[in-house]
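Student: Build the 3D model from these lines:
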Amino acid sequence: MNDNGERWADFCQVSGLVIGGTWVSPDGGTTNQIEYMALSKWWRSSLQDVRVKRGADAGSDHHLMLAKIRLKIGKVKKGET
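Tutor: Down below sits the predicted model:
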């Protein structure tokens, strides 16, 4: 991890954020972490999957990330708003 990565990891730790996401190189064997996602610890259990879509042209060495999140919505009891 370079200096920017360490500063970002420190920021996430102080802010109570969880870091997730990886990218697997085209050879299928080397895993480099160049695409990240940060979310609140509150949502950690809701995050199910993070994927990188290499086909999207972003004009940089970064790629589009998609996250699958499961939301738990509570029931509204009768008489409540």
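Student: Mind listing the residues bridging to residue 50?
Tutor: Each beta-bridge partner of residue 50 is listed here, defined by DSSP bridges: residue 67.
Student: Would you agree it is in contact with residue 19?
Tutor: No. Residue 50 is not in contact with residue 19 according to CB atoms under 8 Å; the separation is 10.4 Å. Placement of C-beta: from N, CA and C, glycine included.
Student: Now do the shared contacts for those two.
Tutor: residue 37 (CB atoms under 8 Å, 6 or more residues apart in numbering).
Student: who has more neighbours, the two?
Tutor: Per other CB atoms under 10 Å, whichever of residue 50 and residue 19 has more neighbours is residue 50, with 17 against 14.
Student: I'd like the distance between that one and residue 14.
Tutor: Shown here: residue 50 relative to residue 14, a distance of 22 Å by CB to CB, to the nearest Å.
Student: Count the neighbours of residue 62 for me.
Tutor: 13.
Student: Just give me the neighbour total for the closest residue to it other than its chain neighbours.
Tutor: Computed as CB to CB, 6 or more residues apart in numbering, the closest residue to residue 62 that is not its neighbour in sequence is residue 35, at 6.3 Å. Close neighbours of residue 35, defined as other CB under 10 Å, add up to 19.
Student: where does residue 35 land in three-state SS?
Tutor: coil (DSSP: H, G, I helix; E, B strand; the rest coil).
Student: Return the per-residue confidence for it.
Tutor: pLDDT recorded at residue 35 is 70.
Student: Tell me if I'm right that it and residue 65 touch.
Tutor: Yes. Contact criterion CB under 8 Å: residue 35 and residue 65 qualify, at 5.4 Å.
Student: residues touching residue 11, list them.
Tutor: residue 17.
Student: how much space between it and residue 17?
Tutor: 8 Å.
Student: ok, now residue 63?
Tutor: From residue 63 to residue 17 the distance is 21 Å (CB to CB).
Student: Residue 62 now?
Tutor: With CB to CB as the criterion, residue 62 and residue 17 are 19 Å apart.
Student: Heading C-terminal from the strand or helix carrying residue 4, find the next helix or strand.
Tutor: Using DSSP states H and E, residue 4 sits in helix 3-15. Going down the chain from helix 3-15, the next helix or strand is strand 17-20, by DSSP H and E.
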